[in-house]
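Participant: build the 3D model from these lines:
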Amino acid sequence: MDDLEIHIRRVCEMSDVGVLEFSGETDHVHILLALHPSVMPAKLVNSIKTLTSRRIRKDHWETIKTQLWGERFWSRSYCVLSVDDGANTEIIKRYIQNQTWPS
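Facilitator: From the prediction side, this is the model:
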């Protein structure tokens with residue numbers, strides 16, 4: 001869903017966070033971010049989930065209403081990994097690029 005990526009990028013931009021790579025699968029997304037050490041990952045994830053859920057529900061309710069986690073757009077879980085700015089970052093980028101994003 002292109003709108004989801006647009007909304008996530010907007011939230012990150014407002015938080016001064018760079019989106020280095022974005023993709024996903026039918027039930028989750030992968031995002032490689034460049035964060036300043038002052039950005040708290042848990043708060044950023046909460047902002048992303050809250051704001052994107054509101055927008056996607058508003059704009060695409062008929063499409064998504066049967067695909068929710070109960071009544072939730074996002075599950076409560078998420079995974080945050082920290083990598084250096086080198087070879088590991090390139091490996092993560094390639095992994096994300098190889099995800100099958102639904103059309």
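
Participant: what about the helices in the chain?
Facilitator: Using DSSP state H, the helices of the chain run over 2-14, 41-64, 87-97.

Participant: figure out which of these is closest to R76.
Facilitator: R76 lies closest, by CB to CB, to one member of these: helix 41-64, at 9.0 Å. No exception for glycine: its C-beta is placed from N, CA and C like everyone else's.

Participant: and the angle for the closest one with helix 2-14?
Facilitator: 160 degrees (axes from the mean of the first three to the mean of the last three CA atoms, to 10 degrees).

Participant: just checking, what packs against helix 41-64?
Facilitator: Counting contacts by 3 or more CB pairs under 8 Å, 6 or more residues apart in numbering; DSSP states H and E, helix 41-64 is packed against helix 2-14.

Participant: tell me the buried residues in the helix it packs on?
Facilitator: By 16 or more other CB atoms under 10 Å, the buried positions in helix 2-14 come out as L4, E5, H7, I8, R9, V11, C12.

Participant: likewise stretch 91-100?
Facilitator: Here stretch 91-100 shows I92, K93, I96 as buried, counting by 16+ other CB under 10 Å.
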